[in-house]
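1. Need coordinates for the following:
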Amino acid sequence: MKNLYLLMMALWGMQALAQDDVMADLLQAQKPEKEYAKYTFKTTRVINGQSVEMVPKYSMEFRISHRFGDMAASNNDHIHSMFGFDQAADIGFIFDFGVTDNLSLGVARMKGSGPLRELWNANIKYRVLQQTKDFKYPMTIVLYGNTSISSMRRSTDPAALNYFPKGYKAFSHRLSYTLQALLAVKATDWLSVQLTPTFIWRNVVPANDKNYFFALGISARAKFNKRAGIIFEYFLPLQKDGIGGRNYFAMVRGFKNAPYYPSLHIGFEFETGGHVFHINLTNSRGLLEQDYLPYNNANWAQGAFRLGFTISRMFPLDRKMGKYWKKGSVEDEKK
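-> Below you'll find the model as predicted:
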């Protein structure tokens, strides 16, 4: 009788455990999956600066960027330079690879426009948090960093920034670094806004400057439809007024021929046939953060702005993924 009682208790316990498992499965099935906000921006860069968009896993984004000469330069030079088309201020070739959906690595080569040119750089980008449609996670947070090295020939002028000394310093003086936090919100289906706190370190700088440089970037995208939109960027230096000749809001305050003006970019983007095109107007001559952010001396108010052009394309590196953008837009939901 005792054995029968123990058997009945064991069977009852097993039945209760089975019911608990079924109930847990039902609750899990009823739990809604997170719906993430997608396509906060069209590509991995807004204009010059990084966006919170990531390269998908096992994919590669290839980007070619051009920045031309001043469109409205003084002394009617714009007529002889075909409004800047004859003068390439900077050219960039950029490759970014998706290691996972939240981690990418990249390499690039820029002509450069500042005191150090021939810029080779490597970057890493990691998405910490992704915004959800219900705003339970209210923003997307991405961390970005790059290292750049100049391959310029050594100058014989000791006052030049590329007067690289012999030994270890010759190598270290060629290096510079950027760290950024990208904080973006897709406020509506058509409007996205991003803040970009930026820290730049240059191992060698002009005599009146500091090695460190802080800036705050403000970016936005207002899209017309899945294929086209207006994009905007502005980078404000966050340093003591006067360091490196940088004064706050120099253009607004009417300073002419100042040694520094904040970077202001306005552009139009559109997608066609799997490619994304950016056409923009900018007062920045460079493409790399540690080039165009600390060394920009072009004033919109004096006609020192130029046309920029970028084309980018995403390529899947895994055959199982098929092809991107057979028809329609990258923002079409995949079935």
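2. show me where this structure has helices.
-> 2-30, 77-80, 168-172, 289-292 (DSSP state H).
3. Quick check: the closest residue to Tyr39 other than its chain neighbours vs Trp190, distance?
-> Beyond its immediate neighbours in the sequence, the residue positioned closest to Tyr39 (Cβ to Cβ, 6 or more residues apart in numbering) is Glu331, lying 4.8 Å away. Every residue, glycine included, has its C-beta placed from N, CA and C. In this view, Glu331 and Trp190 are 12 Å apart by Cβ to Cβ, to the nearest Å.
4. And for Phe199?
-> Relative to Trp190, Phe199 is positioned 32 Å away (Cβ to Cβ).
5. hang on, the earlier thing: in terms of mean pLDDT, which of the helices of the chain ranks lowest?
-> When the helices of the chain are compared on mean pLDDT, helix 2-30 scores lowest, with a mean of 50.
6. So which residue is dead centre in the protein?
-> Taking Cα atoms, centre = their mean, the centroid of the chain lies closest to Gln50, which sits 0.8 Å from it.
7. Pull up the gap between that residue and Thr198, please.
-> In this structure, Gln50 and Thr198 are 10 Å apart, going by Cβ to Cβ.
8. Common neighbours of the two, please.
-> When Cβ atoms under 8 Å, 6 or more residues apart in numbering defines a contact, the residues bordering Gln50 and Thr198 alike are Gln180.
9. Just the pLDDT for the closest residue to Thr44 other than its chain neighbours.
-> Distances taken as Cβ to Cβ, 6+ apart put Glu53 closest to Thr44, at 4.9 Å, once the chain neighbours are dropped. Looking at Glu53, its pLDDT is 97.
10. for Glu53, what are its contacts?
-> Taking Cβ under 8 Å, 6+ apart as the contact definition, Glu53 lies against Tyr39, Thr40, Phe41, Lys42, Thr43, Thr44.
11. Need the residues that contact stretch 240-255.
-> Residues external to stretch 240-255 that are found in contact with it (Cβ under 8 Å, 6+ apart): 205-206, 208-210, 213, 236-237, 239, 258-262, 294, 299-301.
12. redo that, cut-off 10 Å
-> By Cβ atoms under 10 Å, 6 or more residues apart in numbering, the surrounding residues in contact with stretch 240-255 are 205-206, 208-210, 212-213, 215, 236-239, 256-262, 264, 283, 294-302.
13. what does stretch 98-106 give?
-> 44, 53-61, 63, 94-97, 121-130, 142, 144, 146, 314, 316-318.
14. repeat that with 7 Å
-> Contacting residues not belonging to stretch 98-106 are listed as 54-59, 94-97, 122-127 [Cβ atoms under 7 Å, 6 or more residues apart in numbering].
15. residue contacts, Gly308?
-> In this structure, Gly308 makes contact with His66, Arg67, Asn280, Thr282, judged by Cβ under 7 Å, 6+ apart.
16. Please check the contacts of stretch 98-106 and keep the buried ones.
-> Met54, Val55, Pro56, Lys57, Tyr58, Ser59, Ile94, Asp96, Phe97, Asn123, Lys125, Arg127 (16 or more other Cβ atoms under 10 Å).
17. how far away is Gly49 from Lys136?
-> Distance from Gly49 to Lys136, by Cβ to Cβ: 27 Å.
18. higher neighbour count, the two?
-> Gly49 (24 against 9; other Cβ atoms under 10 Å).
19. What sits closest to Thr198 if chain neighbours are left out?
-> Ala215 (4.5 Å).
20. what is that neighbour paired to in the beta sheet?
-> With beta bridges defined as DSSP bridges, Ala215 has these partners: Thr198, Pro237.
21. which regions of the stretch 201-335 of the chain lie under the pLDDT threshold?
-> By pLDDT under 70, the weakly predicted segments of the stretch 201-335 of the chain are 319-328, 330, 332-335.
22. how about the strands in it?
-> Assigned by DSSP state E, counting those that start in this stretch, the stretch 201-335 of the chain shows strands spanning 212-223, 228-237, 263-272, 275-282, 306-316.
23. Looking at these, which is nearest to Ser150?
-> strand 212-223 (16.6 Å; Cβ to Cβ).
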